[in-house]
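Trainee: The sequence and its predicted three-dimensional model are supplied below.
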Amino acid sequence: MSIKVPFHKPIFPEDLNAFLKESTDSGWVTTGPKVSEFEAKLCDYLDAEHVVAVNSCTAALHLALAARGIGAGDKFIVPTFTFVASVEVGEYLGAEPVLIDTDPLTFNLDLDLAEKCLKEDIEGKIKAIIPVHFAGLAVDMVRVHQLAEKYHLFVLEDAAHAIETVSTYGKVGHTPHAAAFSFYANKNITTGGEGGALATNDAELADKVRKLSLHGMSKDGWKRFETGGKWAYDVSELGYKYNMTDIAAAFGLEQLSHISDWHARRLEIVEKYCKKFSPIKGLILPTHLPGEVHAWHLFVIQMIPELWRIDRNTLIGKINEKGIGTSVHYIPIHMHSYYSKKYGYKPGDFPEAQKLSETVITLPLYPGMREEQVEAVLRTLSELWRTYKK
């Protein structure tokens, strides 16, 4: 009987009351004291002066762009090799994405190509850059900030994969611009399935994001349900409904308390993967740049098609037949029908991203993996290589 290895499984304590009961007993289950506590803990962990907890990373990205006044007629740089959320948030506001191809070593956006686009932007329409820390490996943020200063850009880091990550610039989250984090079900920590946060050292930006996240209400509007709170509030601008609940924050606080141990476990699994898979000539293993901290949200291998007798999709099927869950990160933005129709993109327009989309496989990597599950992944890939190598 084969060992089942789900692609991901979050870790929750057996007794959920241990951390949820305080909120449920108080009756305060929407945005309240637990959210404030979670934001404060995140500030400490991320070395950020301000954190605003919201209901998704997508919301955090959207709010940051809205708060900075990005809108119709503006453009923003973003990698094509990412999840669609990184791009659609600008389109919500009427801005146009400038897609950038992938650095084949890091799978992050190619900063040389980004700078080329900035040099060609004679009218100065590019107002922002969204570097995505793919799989938890940081973009070269020193260079990104240099580009931002030179070309007057707002830097919005998509740190959905990168809560533990440290870049060349420092801890991701410690920034004069902004960084958006995800607490979705399969992320390194989760707030019970959905959730996100925006970190920044810019007090004005944080205040604007917080206001926009709850209908554009004044600060007093947040407190109107407290005992003795004022009933009056004012909506001074068009806002959204993106706030985090206290229930979600209670999950987040419990998860955050384990983040160091869970990251250490991820590193153990990565070390085993790299040791076992390094001799497989038909695979390219993910990069880890020295001197930085990689969150290792994902472990993405790239097959070299010419060294196998089967293609990538068939290999995925063979892995799945052994009871091992996999995924593919990502189908590039320009290859989705909405974007290809709207902007006329063709698959070959971004060759590195297209190549990756046809050759990458994401393997299970999460701290709850048992040793026999890790061994099952190691054994399966090794056996398939021996069986199907040319």
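Mentor: Nice, I can see it.

Trainee: How about the secondary structure of residue 18?
Mentor: helix (DSSP: H, G, I helix; E, B strand; the rest coil).

Trainee: Let me fix that, I meant to ask about residue 155.
Mentor: Under three-state DSSP, residue 155 comes out as strand.

Trainee: Check the burial of residue 174 by counting its neighbours.
Mentor: Neighbourhood size, residue 174 [other CB atoms under 10 Å]: 18. To be clear about C-beta, it is placed using only N, CA and C from the backbone, and glycine gets the same treatment.

Trainee: shouldn't it be in contact with residue 43?
Mentor: No - assessed by CB atoms under 8 Å, residue 174 is found out of contact with residue 43, at 10.0 Å.

Trainee: Give me the common contacts of those two.
Mentor: Contact criterion CB atoms under 8 Å, 6 or more residues apart in numbering; residues shared by residue 174 and residue 43: residue 199.

Trainee: mind exporting stretch 144-156 as CSV, just the C-alpha atoms?
Mentor: Only the C-alpha atoms of stretch 144-156 are listed here, as CSV (Å, rounded to 0.1, in the frame of the first residue of the first chain):
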residue,chain,number,x,y,z
VAL,A,144,14.9,47.3,-7.0
HIS,A,145,15.2,50.2,-4.6
GLN,A,146,17.9,51.7,-6.7
LEU,A,147,15.6,51.5,-9.7
ALA,A,148,12.8,53.0,-7.7
GLU,A,149,14.8,56.0,-6.6
LYS,A,150,16.1,56.6,-10.2
TYR,A,151,12.7,56.3,-11.9
HIS,A,152,10.4,57.5,-9.0
LEU,A,153,8.6,54.2,-8.5
PHE,A,154,6.4,52.9,-5.7
VAL,A,155,7.8,49.5,-4.7
LEU,A,156,5.1,47.0,-3.7
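
Trainee: got a list of contacts for that stretch?
Mentor: 61, 64-65, 68, 70, 77, 111, 114-115, 118, 121, 124, 126-131, 169, 175, 177-180.

Trainee: Just those residues: which are in strands?
Mentor: Of the positions in the contacts of stretch 144-156, 77, 126-129, 178-180 sit in strands, assigned by DSSP state E.

Trainee: Look up the closest residue to residue 255, ignoring the ones flanking it.
Mentor: residue 189 (3.8 Å; CB to CB, 6 or more residues apart in numbering).

Trainee: sorry, back to before: got a quick ChimeraX command for the buried subset of the contacts of stretch 144-156?
Mentor: Per 16 or more other CB atoms under 10 Å, the buried members of the contacts of stretch 144-156 correspond to this ChimeraX selection:
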select :61,64,65,68,70,77,111,114,115,118,126,127,128,129,130,131,169,175,177,178,179,180
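
Trainee: Present the ones in strands among the contacts of stretch 144-156 as TSV; the columns should include distance to residue 378 and pLDDT.
Mentor: Formatted as TSV, the ones in strands among the contacts of stretch 144-156 follow (distance: CB to CB, whole Å; pLDDT from 0 to 100):
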residue	distance to residue 378	pLDDT
77	39	99
126	45	98
127	46	98
128	42	98
129	38	99
178	39	99
179	34	99
180	34	99
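
Trainee: Between these, which sits nearest residue 18?
Mentor: Nearest to residue 18 among those: residue 180, at 29.4 Å, using CB to CB.

Trainee: what residues are up against the closest one?
Mentor: 57, 60-61, 64, 156-160, 196-199.

Trainee: Restricted to helices, list the residues you listed.
Mentor: 57, 60-61, 64 (DSSP state H).

Trainee: what about the closest residue to residue 381 other than its chain neighbours, neighbour count?
Mentor: Nearest residue to residue 381, sequence neighbours excluded (CB to CB, 6+ apart): residue 277, at 6.3 Å. Counted with other CB under 10 Å, the neighbours of residue 277 add up to 20.

Trainee: so who does residue 277 touch?
Mentor: By CB under 8 Å, 6+ apart, residue 277 lies in contact with 283, 285, 301, 378, 381-382.

Trainee: okay if I get the ones in strands among the contacts of stretch 144-156 as TSV plus distance to residue 253?
Mentor: Formatted as TSV, the ones in strands among the contacts of stretch 144-156 follow (distance: CB to CB, whole Å):
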residue	distance to residue 253
77	35
126	38
127	36
128	31
129	32
178	23
179	20
180	20
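
Trainee: Out of the residues you listed, which comes closest to residue 390?
Mentor: Nearest member of those to residue 390, counting by CB to CB, is residue 77, at 39.5 Å.

Trainee: circling back: scan the contacts of residue 277 and report the most crowded one.
Mentor: Of these, with other CB under 10 Å as the count, residue 381 tops at 24 neighbours.

Trainee: name the helices or strands packed onto the host helix or strand of it?
Mentor: Assigned by DSSP states H and E, residue 381 falls within helix 371-388. Judged by 3 or more CB pairs under 8 Å, 6 or more residues apart in numbering; DSSP states H and E, helix 371-388 is in contact with helix 259-277, helix 312-321.

Trainee: Buried residues, it. List them.
Mentor: For helix 371-388, by 16+ other CB under 10 Å, it's 373-374, 376-378, 380-381, 384-385.

Trainee: Any idea which of the helices and strands packed on helix 371-388 gets closest to residue 104?
Mentor: helix 312-321 (16.0 Å).

Trainee: and that closest one with helix 371-388, angle?
Mentor: Interaxial angle, helix 312-321 versus helix 371-388 (axes from the mean of the first three to the mean of the last three CA atoms, to 10 degrees): 140 degrees.

Trainee: Just the mean pLDDT for the helix or strand that helix 312-321 is followed by, thanks.
Mentor: Going down the chain from helix 312-321, the next helix or strand is helix 337-343, by DSSP H and E. For helix 337-343, mean pLDDT rounds to 97.
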